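[1] My questions are about this predicted structure, shown below with the sequence.
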Amino acid sequence: MQKSEKVKMLEGNWFDSRSIELKNDRNTAWLKSRKLLEVAPESDEQFELLKQFLGSIGEGSVVRPPFFVDYGYNITLGDGCFINFDCVILDTGKVMIGNNVFIGPSSNIYAVDHHIDKFDKRYFVKGIGVIIEDNVWIGGHSTILPGITIGRNSVIGAGSVVTKDIEAYSIYVGNPAKKIKIITSQ
């Protein structure tokens, strides 16, 4: 029996993103993200909507809409997180966000890869997960590329583009993001 495109996606394989099942999932995610605009961003009602929308969400976490995702169900959000306005998470691959993570406005997390050398297969994509460990602060307008791990207690300066893994207890800034300092105090 042939695997569905959604199963291929969830297994981390290349898949055709034009499948009806995945289009329906993306449309459902879009409708749920629109619903977030109708409730107060730090309310119990919003938290309940996010519990139905995301793979999981920890206690005390807040997402300020607008908030854009591909699917939602591939995102896990730890306790005490704050995602500010206008963030985009392309969650074709798993996006695991630890506890007490702050993500500034208009930031982007891309957990998806496209065929770049096969133009006739541009709709074939593959999820490549992103991990953001505990106590990370990501400045506004930052972009996190596929396959990145950001180590615990790190800071990503505003407007940075993260193209490589980030060491724990470090501050990275720029495009591409480069380490400028080790964090020694807690």
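    Yes, it's here. As the structure is a prediction and not an experimental result, all values here were calculated from the model.

[2] Any stretches of the chain with poor pLDDT?
    The chain contains residues with pLDDT under 70 at 186.

[3] how far does stretch 140-147 stretch from start to finish?
    20 Å (CA to CA, to the nearest Å).

[4] who's in contact with it?
    84, 93, 104-113, 128-130, 132, 138, 150, 156-163 (CB atoms under 8 Å, 6 or more residues apart in numbering). To be clear about C-beta, it is placed using only N, CA and C from the backbone, and glycine gets the same treatment.

[5] out of those, which are inside strands?
    108, 109, 110, 112, 113, 130, 132, 138, 150, 156, 161, 162 (DSSP state E).

[6] any chance you could map the helices in the protein?
    5-10, 20-36, 44-53 (DSSP state H).

[7] give the contact list for residue 182.
    Neighbour list for residue 182: 169, 170, 171 [criterion: CB under 8 Å, 6+ apart].

[8] before we move on, back to that, looking at the ones in strands among the contacts of stretch 140-147, state which has the most neighbours.
    residue 138 (29 neighbours; other CB atoms under 10 Å).

[9] Just list whatever residues bridge to that one.
    Here residue 138 sits in beta bridges with residue 103, residue 156, going by DSSP bridges.

[10] about what we covered before: for the helices of the chain, which one ends up most surrounded?
    Stretch with highest mean neighbour count among the helices of the chain: helix 5-10 (a mean of 19; mean count of other CB atoms under 10 Å).
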